[in-house]
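Asks: for reference, the sequence and a predicted model appear below.
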Protein chains: 2
Amino acid sequence: MPRPAVVLASGGLDSTTVLALARARGFAVHALTVDYGQRHRRELAAARRVARALGAVEHRVVAIDLRAFGGSALTSDAIRVPKGRPARAIGRGIPVTYVPARNTVLLALALAWAETLGARDLFLGVNAVDYSGYPDCRPGFLRAFQRLAGLATKAGVEGRARFRIHAPLLRMTKARIIRTGLALGVDYGLTHSCYDPAPGGRACGRCDACRLRLNGFAEAGAEDPVAYVPVRRAHLP
Amino acid sequence: MPRPAVVLASGGLDSTTVLALARARGFAVHALTVDYGQRHRRELAAARRVARALGAVEHRVVAIDLRAFGGSALTSDAIRVPKGRPARAIGRGIPVTYVPARNTVLLALALAWAETLGARDLFLGVNAVDYSGYPDCRPGFLRAFQRLAGLATKAGVEGRARFRIHAPLLRMTKARIIRTGLALGVDYGLTHSCYDPAPGGRACGRCDACRLRLNGFAEAGAEDPVAYVPVRRAHLP
């Protein structure tokens, strides 16, 4: 019997690569998507496609409305998603797309499911290279959560196996993440990254997520299979 | 300006006492109720009443369906709530009413709201005396979460004031909690504790929550103002 693992799957490029890595390491993947009222709801459909295509044992969507708290361009209509920033400027300071305590909430939910499944392994696609602006993408945060998980649960009290938080992309560049996924046969055409897609669903090509993604594919020497709105990208810095 | 604090308010006896204590300590209370699909939904109405009566600045309810994960008698219809256990037997071992990773999820949500409010103080009504069976009611868990909070948030990264998790009931007996609340003028008739109320809303008097509550009032030498279904309590151990 393969060991079960809970994999946080947003439908984006990073978490899709993580799902493929967890499968490649022999885990039975229970994919968890948290619908926290994000603006880019196409991620939910992408997450379903990805979980099916990559052979997850099951996929669950848990809804929680973080919009109740406000405070982020990803969940609030009152804050504009920044556009057209050069990729080198992304990751300096904490972006307005930061969702308060997001990874704490996501990992707490993954832990709840893991406990009922008897799983001890949680996977998430955080990255400290491209997105260094997010506090909850730092190694110290992940270690602190791993410690908390052992104290928070029945399994911890009963002295059974400890929880492990896997963040295999933590120190990878976007280009290396893409090369890793392509080597595992991931079809990135199933994924969705854009913070602000056009009405037809095509990626804007100009938000931070699109810029990092396009830069990553360019550096990896590969073609991004998703559709973008036609912009004169040659004129952007 | 009083300092803001997020208080996790379930509508039960313990968290109501905590809300009164936070107010007495001068905090501007932002009360947060998490509707995690619990069987005792009357708690939600009780939480609203309590927040209003005790002068919270605001009260928000965030819905999240932990039933998606199963595993607890409080959220699953497949597991029976235990009845008629003597109070001295309650708290030995982990009860089936344990909700997986519940306090981790609750504190993560409180932290998300605190970050958008600029609050550094979180209050919750955990207790390590009566409910020693719950792993996430232990002091070590609370310390680990406090540490995590600093690493998880913008405020932590920017080196501003640290978060503080307040659990003022941690070492109090139920009788002492009740005496504390009564001294602060709390009307416990507004609260709801029963895990399995009768159709009319009256408390069953026999589940663990009712037994601990009734025992607490008896020890405090006070009368519980909530209505119970008429049972021959004299015949129970």
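Replies: Arrived safely.

Asks: OK, contacts around residue A:181?
Replies: A:13, A:16-17, A:20, A:188 (CB atoms under 8 Å, 6 or more residues apart in numbering or on different chains). Quick note: C-beta positions are derived from backbone N, CA and C, even for glycine.

Asks: let's verify it: helix, strand, or coil?
Replies: Assigned with DSSP: H, G, I helix; E, B strand; the rest coil, residue A:181 falls in the helix class.

Asks: ranking the contacts of residue A:181 by neighbours, who comes first?
Replies: Compared across those, residue A:16 has the highest neighbour count, 30 neighbours, by other CB atoms under 10 Å in any protein chain shown.

Asks: in chain A, where is pLDDT below threshold?
Replies: A:38-40, A:70-98, A:130-133, A:155-161, A:231-237 (pLDDT under 70).

Asks: again, only this time at 90
Replies: For chain A, the stretches with pLDDT under 90 are A:1, A:35-45, A:63-102, A:115-116, A:127-140, A:150-162, A:194-201, A:207-209, A:230-237.

Asks: now do the strands in it.
Replies: A:4-8, A:28-35, A:58-63, A:121-123, A:164-166 (DSSP state E).

Asks: dump the ones you listed to CSV, plus distance to residue B:24 and mean neighbour count.
Replies: CSV is the format used below for the strands of chain A (distance: least, CB to CB, whole Å; neighbours: other CB atoms under 10 Å in any protein chain shown):
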stretch, distance to residue B:24, mean neighbour count
strand A:4-8, 40, 25
strand A:28-35, 36, 23
strand A:58-63, 36, 16
strand A:121-123, 39, 24
strand A:164-166, 39, 18
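
Asks: want to throw those strands into a markdown table with distance to chain B?
Replies: Formatted as a markdown table, the strands of chain A follow (distance: least, CB to the nearest CB, whole Å):
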| stretch | distance to chain B |
| --- | --- |
| strand A:4-8 | 10 |
| strand A:28-35 | 9 |
| strand A:58-63 | 5 |
| strand A:121-123 | 11 |
| strand A:164-166 | 12 |
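
Asks: relative to residue A:196, which of these is closest?
Replies: Taking CB to CB, strand A:28-35 is the member of those nearest to residue A:196, at 17.6 Å.

Asks: name the surrounding residues that touch the closest one.
Replies: Contacting residues not belonging to strand A:28-35 are listed as A:1-11, A:19, A:22-23, A:41, A:43-44, A:47-48, A:50-51, A:54-64, A:105-106, A:109-110, A:113, A:117, A:119 [CB under 8 Å, 6+ apart].

Asks: looking at those, which are in helices?
Replies: Among the contacts of strand A:28-35, DSSP state H puts A:19, A:22-23, A:43-44, A:47-48, A:50-51, A:105-106, A:109-110, A:113, A:117 in helices.

Asks: of those residues, which are in range of chain B?
Replies: Filtering the ones in helices among the contacts of strand A:28-35 for neighbours of chain B using CB under 8 Å from any CB of the partner chain leaves A:105, A:109, A:113.

Asks: ok so, going back, just the buried ones from the contacts of strand A:28-35, in ChimeraX syntax?
Replies: A single ChimeraX command selects the buried members of those (16 or more other CB atoms under 10 Å in any protein chain shown):
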select /A:4,5,6,7,8,9,10,11,19,22,23,43,44,47,48,50,51,54,56,59,60,62,64,105,106,109,110,113,117,119
